[in-house]
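1. below are the sequence and a predicted model for it; my questions follow.
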Amino acid sequence: MKPDSLIALIDDLTSRVEADRVARLTYDLVRIPSPTCHEQACGEFYAEVLWDYGLEVEVRQPFPESPNVIAWLRGDPAGPTLQFAGHLDTIPLPHPEPYFREGIVSGRGAADMKNGLAGMAEMARLLRQADVALPGTLLLTAYGRHELPEAHGENLKVLIEEGIHGDAAIATEGPHEFVAVVGKGQAVWSITIQREGEPIHELQGRGQVAHPIGIGCELLRRLEARQRELNQRDDPYLGPDSYFVGQFHSGDFFNRIPTTCRLVGTRRWSPRSRFPAIRAEIEALCAQLGQDFGVPVQAEVAFSGEAFELDPNHPLVGACQRGYRHVTGRELPLGGLALLGDVSRLMDWGAVPSTYLGIDSTTAHSDQEVCRVEDLVRATKTYLATALYYFAATWNPRRAGW
Ligand SMILES: [Zn+2]
């Protein structure tokens, strides 16, 4: 397709985005609760909408109550497949009644990420309605079991194992003011210091038994010392790797020496590290602490997701930047995401070159999630433009029309 006609096509399609329709779809999705592991009704509704929009739709059931919704808009089968991906589940916390008024949709999932699901559905509807002969295939996937700690991306993993993924993918949540070409990996660690024996009166035990609270404090100091080392290696897009302590549990009475102390937190790392090295680092730290104090120190290190790196020269990155510029007139710089998301999973499990194009995740996981309709429209137009730029960039000149 000639550059002029591509731009004309994008201008035409983006002008057809129906703000009220895409906002109402967000609102309808938000009104169907879908806490993690209970996304059935929401998934079935979404599948019906995609079916009504003229897509080829399939609902698979890898887990009870957690469906995988798959929709295709097929073009040239020899061309690439571009995937738009989003999760159906929301965090399970209560939320005020949903509403849709004055340019705002609110409700659990309005920001994370039923807005993204609505945006990618509207994009597909417009491509279908205009009967654009795509030089490849557009794939939409919406799945349950995304949010920690109840789930760990099990549905997405099944999709990837079944071969349902794109040659490139866009997760329709996360940052919207930069295109992420790196992302941090994450693990949740839990360290338990446990001395032998029973809790004992402070005066009976003083100097006789190890005090787990004191050893816990020493652990904190060592984590801080390690953090200072990590701060020396600053990643331009991600900042330094990190330790974070979110929980410190010990003691049950003011004058008893407890038997255990438990600390829980996160470790995040840039693509320079991988999870096995991170786990080894935490285990070595615990072994040293245990040796120094003569007390067993156990580490459990739960893997949340691997760090990722996307080649900035991949056509997906350029397509996102051109699409964003086309719609907003602004540049979309490269960036990095410290937060863990599905791009880590798509890249690690499926080796699918992926990035994020979010809407506005400011209120994700908050007590009042909101989505502004103008942001939703901007994102939907950006999805349309990005998809078309991607197909144009990967266009095979031997195929007619493009
Ligand atoms: Zn999310």
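-> Perfect, I can see it now.

2. closest point of the stretch 251-400 of the chain to the ion, which residue?
-> The nearest approach of the stretch 251-400 of the chain to the ion comes at A364, 6.2 Å away (C-beta to the ion). C-beta coordinates here come from the backbone N, C-alpha and C atoms, glycine included.

3. wait, that residue touches A110, no?
-> No. A364 is beyond contact range of A110, at 9.3 Å (criterion: C-beta atoms under 8 Å).

4. who has more neighbours, these two?
-> The neighbour count for A364 versus A110, taken as other C-beta atoms under 10 Å, is higher for A110 (30 against 19).

5. how about the more buried one, what does it touch?
-> T26, V30, P98, T363, E369, V370, C371 (C-beta atoms under 8 Å, 6 or more residues apart in numbering).

6. redo those residues as JSON lines? Include pLDDT, neighbour count and secondary structure.
-> Formatted as JSON lines, those follow (pLDDT from 0 to 100; neighbours: other C-beta atoms under 10 Å; DSSP: H, G, I helix; E, B strand; the rest coil):
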{"residue": "T26", "pLDDT": "98", "neighbour count": "31", "secondary structure": "helix"}
{"residue": "V30", "pLDDT": "98", "neighbour count": "27", "secondary structure": "helix"}
{"residue": "P98", "pLDDT": "97", "neighbour count": "21", "secondary structure": "coil"}
{"residue": "T363", "pLDDT": "95", "neighbour count": "15", "secondary structure": "coil"}
{"residue": "E369", "pLDDT": "97", "neighbour count": "27", "secondary structure": "coil"}
{"residue": "V370", "pLDDT": "97", "neighbour count": "17", "secondary structure": "strand"}
{"residue": "C371", "pLDDT": "98", "neighbour count": "33", "secondary structure": "strand"}
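
7. count of neighbours near F303?
-> Quick note: F303 (other C-beta under 10 Å) scores 14 neighbours.

8. okay, how far is it across stretch 65-78, tip to tip?
-> 35 Å (C-alpha to C-alpha, to the nearest Å).

9. what's the nearest residue to Y383 if we skip its chain neighbours?
-> For Y383, ignoring the flanking residues on the chain, the nearest one in space by C-beta to C-beta, 6 or more residues apart in numbering is M123 at 4.2 Å.

10. the one you found reaches L82, doesn't it?
-> No. Contact criterion C-beta under 8 Å: M123 and L82 do not qualify, at 10.7 Å.

11. out of these two, which sits in the more crowded spot?
-> A count of neighbours by other C-beta under 10 Å puts M123 above the other of M123 and L82, at 30 against 26.

12. that's a strand at that one, yeah?
-> No. Under DSSP: H, G, I helix; E, B strand; the rest coil, M123 falls outside any strand and is assigned helix.

13. so what's it up against?
-> M123 sits next to F84, T380, Y383, L384, A387 when contact means C-beta under 8 Å, 6+ apart.

14. residues of the helix or strand hosting the third one that come out buried?
-> Of the helices and strands defined by DSSP states H and E, Y383 is found in helix 373-393. For helix 373-393, the buried set under the neighbour-count rule, 16 or more other C-beta atoms under 10 Å, comprises 373, 375-392.

15. find the nearest non-adjacent residue to L285, please.
-> Nearest non-adjacent residue to L285 (C-beta to C-beta, 6+ apart): R222, at 6.3 Å.

16. quick one: neighbours of the one you found, just the number.
-> Using other C-beta under 10 Å, the number of residues around R222 comes to 16.

17. near the ion, which residues of the stretch 51-200 of the chain show up?
-> By C-beta under 5 Å from the ion, the residues of the stretch 51-200 of the chain that approach the ion are D112, M113, E173.

18. show me what contacts the closest residue in space to the first one that isn't next to it in sequence?
-> Okay, so that is D112. Using C-beta to C-beta, 6+ apart and skipping the chain neighbours, the partner closest in space to D112 is A364 (3.6 Å). Going by C-beta under 8 Å, 6+ apart, A364 touches A111, D112, M113, E173.

19. now the strands for the stretch 251-400 of the chain?
-> Per DSSP state E, counting those that start in this stretch, the stretch 251-400 of the chain carries strands over the ranges 256-257, 260-269, 297-305, 308-309, 334-337, 354-356, 370-372.
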